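Enquirer: Could you look at this predicted model? Sequence included:
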Amino acid sequence: MINKKTIISILAGLLIILGGVYFQDIIRLLGGGGMVKTVSDDNYMLVIDYGDGHTRKFKGDMEEESAKAWDLLQQASAFGVSVKIEKDFVPRSIDGIANQGDKKWILYINDFRQNKGPFEARAQKGDIVTFKYE
């Protein structure tokens, strides 16, 4: 039998989860650039990690089973992300932060560094695609 303490714990957990979803909606409405912290099986998340603790996150729907990482980055340009590229569509600069010396924009999918460029690397539904300046 479920006791009163277990029920209270479950309800508290639900309130925290629902409050987090509501908070994300408020941030998005206030111009948070599509910012979210979760991704469903039919969506993707694109993260731009500036390497200084600042990130921008974008969530979008995938119509196909997979998409090029480059296409996802291009969709972020609708929210004001500027991208300049080198050969093979590798970012030379994102939002004015350019590759310099040893620091450059690196592509990750689900926290795994990609050996392919963003035009070749494909993300599946539910994946998190990250361009990280490091």
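Expert: Good, I have the coordinates. Residues are numbered from 1 along each chain as shown.
Enquirer: Every contact and neighbour count from this point should use C-alpha atoms.
Expert: Fine.
Enquirer: in this structure, which spans are helices?
Expert: For the chain, the helices defined by DSSP state H occupy 4-29, 69-76.
Enquirer: which stretch in those helices is the model least sure about?
Expert: Lowest mean pLDDT of those: helix 4-29, a mean of 52.
Enquirer: how far away is V129 from G101?
Expert: Taking Cα to Cα, to the nearest Å as the measure, V129 falls 24 Å from G101.
Enquirer: The two: which is more packed in?
Expert: Using other Cα atoms under 10 Å as the criterion, V129 and G101 rank with V129 on top: 29 against 6.
Enquirer: Could you tell me which residues make contact with that one?
Expert: 44-47, 69, 107-110, 123 (Cα atoms under 8 Å, 6 or more residues apart in numbering).
Enquirer: Tell me how far it lies from I2.
Expert: Between V129 and I2 the distance is 41 Å, computed by Cα to Cα.
Enquirer: Could you check the pLDDT of D88?
Expert: 79.
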